[in-house]
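K.L.:
coordinates only, sequence not included:
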């Protein structure tokens, strides 16, 4: 059995999901893949289901009843992975904005170098973003500065969604307490890992915007992140024991 599982949440990703799965399974290191699909009306789950006969015992599908949000999809996947004994658990987008080749360096940061959380970072080595309009690049970059300023968390790409966790990180975080769904979810997971004292490394990657399918970004997701950071910091001050490593 592989010790690493890549979780890919999907909603209307029929154009991309087969490509990303085949790229992962072509890597020199063995990864298993779990697709968590939110009842995509475009037939994404059907594509994955058909591929499971090609990659038996390595590709898995969890179908949910509706569009329940990115954060809850990952929480579902985290629990699935922990129940099945995976040691290294990844988050990855389905739209090929994350290069599957980078899974190997994220894995090695945790498995070889000993870090607890490895983050595929767009901003640790300059600004490595392809095909985004300048306005969106600036918004994303400034958002990370804003998060660092409020939380004091030493992470450059605070909203990154390409990550590898050691299982002990996910076991230590109270997953049922996570309520955010979009960028705020990504921020809170990093914040909690940092506050719990886990070792974090940012690995430089190149982020390439999707070429097929539609972006899931919305003003609601962005607003949740802006307000959620303040709420997150306040909660950590009011209830520090919930966010800190045990003595």
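P.N.:
Thanks, I have it. Here the structure is a predicted model, which is why all the values come from computation and not from measurement.
K.L.:
Which helix or strand in this structure has the lowest average pLDDT?
P.N.:
Ranked by mean pLDDT, DSSP states H and E, the weakest helix or strand in the chain is helix 219-238, scoring a mean of 72.
K.L.:
Would you pull up how far the helix or strand just after it lies from the middle of the chain?
P.N.:
The first helix or strand that comes after helix 219-238 along the chain, using DSSP states H and E, is helix 240-243. On the basis of CA atoms, centre = their mean, to the nearest Å, the separation between the geometric centre of helix 240-243 and that of its chain is 23 Å.
K.L.:
Equivalent analysis for stretch 168-178, please.
P.N.:
If you compare the mean C-alpha spot of stretch 168-178 with that of the full chain, they lie 14 Å apart, counting by CA atoms, centre = their mean.
K.L.:
Report the mean per-residue pLDDT for it.
P.N.:
When pLDDT is averaged over stretch 168-178, the result is 95.
K.L.:
for it, which positions count as buried?
P.N.:
The neighbour-count check on stretch 168-178 (16 or more other CB atoms under 10 Å) flags 169, 170, 172, 173, 175, 178 as buried. Every residue, glycine included, has its C-beta placed from N, CA and C.
K.L.:
Equivalent analysis for stretch 145-161, please.
P.N.:
Of the residues in stretch 145-161, those buried by neighbour count under the rule 16+ other CB under 10 Å are 147, 150, 151, 153, 155, 156, 157, 158, 159, 160, 161.
K.L.:
Tell me, please, where in the chain the pLDDT is lower than the cut-off.
P.N.:
Scanning the chain for pLDDT under 70 picks out 1, 210-225, 245-247.
K.L.:
Let me see the contact set for residue 114.
P.N.:
Residues in contact with residue 114, defined by CB atoms under 8 Å, 6 or more residues apart in numbering, are residue 199.
K.L.:
swap the cut-off to 10 Å and go again
P.N.:
166, 199, 201 (CB atoms under 10 Å, 6 or more residues apart in numbering).
K.L.:
Quick one: those residues as TSV, columns for secondary structure and neighbour count too.
P.N.:
Listed next are the contacts of residue 114 as TSV, based on DSSP: H, G, I helix; E, B strand; the rest coil; neighbours: other CB atoms under 10 Å:
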residue	secondary structure	neighbour count
166	strand	21
199	coil	16
201	strand	18
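K.L.:
would you turn those into CSV with distance to residue 61?
P.N.:
Converted to CSV, the contacts of residue 114 look like this (distance: CB to CB, whole Å):
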residue, distance to residue 61
166, 25
199, 33
201, 31
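K.L.:
Which one of those residues is nearest to residue 108?
P.N.:
Closest approach between the contacts of residue 114 and residue 108, by CB to CB: residue 201, at 10.3 Å.
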